[in-house]
Each structure stands twice: as C-alpha cells, then as structure tokens.
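Novice: please work out how this folds:
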Amino acid sequence: MFNQQGAEEPLSAIQALSKAIEGRVYECAVISTADIVFLPELRKACEANICGNYGRNWACPPAIGTLEELMAKILAYKNALVFTTKHDLEDSFDFEGMQRGREIHNELSMYLHERFGKINPIYGAGGCSNCEKCAYPDPCRAPEKLFSSIEASGINVTELSRIARIRYNNGPNTVTYFSMALF
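Specialist: Sure, this is the predicted structure:
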C-alpha cells in the first residue's frame with residue numbers, strides 16, 4: 001500500500017494479519033472480543049487434567065494464570081481474528097491424521113506468533129508442543145515460541161465458531177482447528 005508520496009504506509013493490524021494468512025486458512029472472521037464467551041467449566045476440565053497437560057506445560061493452567069487474568073488480557077483488545085484450517089482424514093479414527101493436522105495448524109499459528117505475537121497475542125489449538133517434553137515447572141526453554149490455546153483460556157471453541165459464523169464441523173472424515181489473534 002502506498003501513499004501519495006510513494007512511501008509505503010504501515011498496514012493496520014487486521015490488514016497485516018489478513019495478508020499473512022491469505023491462502024493458508026480455511027475460514028476466518030473478525031469478531032469483537034466483547035462477544036467472546038468464557039466458561040469456568042472449561043477451566044475445571046483443565047484442572048481435572050483431561051488432556052494431561054495441567055501443571056505440566058507452560059502454555060496451560062496453572063502456568064498461564066487464572067481465568068480472570070486471562071479474560072482481562074483478552075478483553076484488553078477490541079477485536080480478534082478467528083481462523084481455521086481443515087484437514088482431511090482417512091476415517092473418523094485417524095488419530096495420526098488429526099495430530100498431523102494440528103501440527104500444520106499450529107505451524108501457521110507459530111508463524112503468526114513470531115511475526116505479530118508481541119503486539120497481537122496468538123492463541124492456538126491445544127497446549128504447546130514445541131519441546132518433546134515441557135520443562136515446566138523449570139524455566140521454559142523457548143519462551144519466544146510459547147502461545148496458549150483458546151480452550152485453556154476458558155473459551156468454548158464451539159461457541160466461538162458460532163459467534164464468528166465459521167463452521168465448527170466440516171463434514172465426515174475431517175478435523176478443523178481454530179486459532180485467534182487479538183488486535
């Protein structure tokens with residue numbers, strides 16, 4: 001984008017984020033953070049250690065803070081860019097395909113985190129998996145690569161998809177992953 005003098009104008013946050021994900025996402029939408037629904041029950045699922053990362057991962061509770069702290073951090077931003085990637089599976093039990101899809105999705109989230117994360121926090125799919133085994137509670141070995149998941153922040157992804165008018169389920173033998181960037 002150029003101004004009348006021919007000098008490059010800085011892109012707005014949404015323009016820069018949109019340009020960075022162009023052609024790499026399945027669906028995306030901008031929503032107001034005020035519309036995001038936070039559910040304490042999701043945090044209780046974390047505390048029940050359903051996924052096995054509670055108290056074992058720097059991107060998961062309790063390391064990321066209380067639900068109230070996370071809500072304040074997210075609501076300090078006016079908008080969120082919600083985006084998805086869709087991955088085809090061999091069948092509905094294709095766990096390896098699901099894992100591969102999550103890795104591909106979080107590679108995109110990491111790319112955005114590296115480019116914009118200091119100004120526009122990124123939230124991905126699932127806990128951090130940058131290291132084979134997280135160092136928690138010892139210091140994180142790669143804090144510059146660390147970003148939390150949407151769910152660990154108490155956000156119901158099904159409800160987020162409804163608010164963003166993005167499909168949560170994209171048909172049989174597919175898996176869809178969500179991320180969001182705040183701005």
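Novice: show me the shaky parts of this protein.
Specialist: 1-11 (pLDDT under 70).
Novice: mind listing the strands in it by residue range?
Specialist: Here the chain has its strands, by DSSP state E, at 27-32, 79-88, 122-123, 174-182.
Novice: quick one: closest of those strands to Ala20.
Specialist: strand 174-182 (9.0 Å; Cβ to Cβ). Just so you know, the C-beta spots here come from the backbone N, C-alpha and C atoms, and that holds for glycine as well.
Novice: tell me the angle the closest one makes with strand 27-32.
Specialist: 40 degrees (axes from the mean of the first three to the mean of the last three Cα atoms, to 10 degrees).
Novice: what are the C-alpha coordinates of strand 174-182, in CSV please?
Specialist: What follows is strand 174-182, C-alpha atoms only, in CSV (Å, rounded to 0.1, in the frame of the first residue of the first chain):
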residue,chain,number,x,y,z
THR,A,174,-12.3,-34.1,8.5
VAL,A,175,-10.9,-32.2,11.5
THR,A,176,-10.9,-28.4,11.9
TYR,A,177,-8.6,-26.5,14.2
PHE,A,178,-9.1,-22.9,15.4
SER,A,179,-6.8,-20.1,16.4
MET,A,180,-7.3,-16.5,17.1
ALA,A,181,-5.1,-13.3,17.0
LEU,A,182,-6.0,-10.3,19.2
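Novice: buried sites along it?
Specialist: Buried residues in strand 174-182, defined by neighbour count with 16 or more other Cβ atoms under 10 Å: 174-182.
Novice: ok, now stretch 125-132?
Specialist: Going by 16+ other Cβ under 10 Å, stretch 125-132 has these buried residues: 125-130.
Novice: now, which of those residues sits nearest Tyr77?
Specialist: So of these, ranked by how close each gets to Tyr77 (Cβ to Cβ), first place is Ala125, at 19.5 Å.
Novice: which residues are in contact with the residue lying closest to the closest one once chain neighbours are set aside?
Specialist: Using Cβ to Cβ, 6 or more residues apart in numbering and skipping the chain neighbours, the partner closest in space to Ala125 is Tyr177 (4.1 Å). By Cβ atoms under 8 Å, 6 or more residues apart in numbering, Tyr177 lies in contact with 84-85, 87, 101-102, 105-106, 125.
Novice: out of these, who's the most crowded?
Specialist: Compared across the contacts of Tyr177, His105 has the highest neighbour count, 26 neighbours, by other Cβ atoms under 10 Å.
Novice: for the chain, which segments count as helices?
Specialist: 13-21, 40-47, 67-75, 95-116, 157-164 (DSSP state H).
Novice: Trp58 and Gln99, how far apart?
Specialist: Distance, Trp58 to Gln99, by Cβ to Cβ, to the nearest Å: 20 Å.
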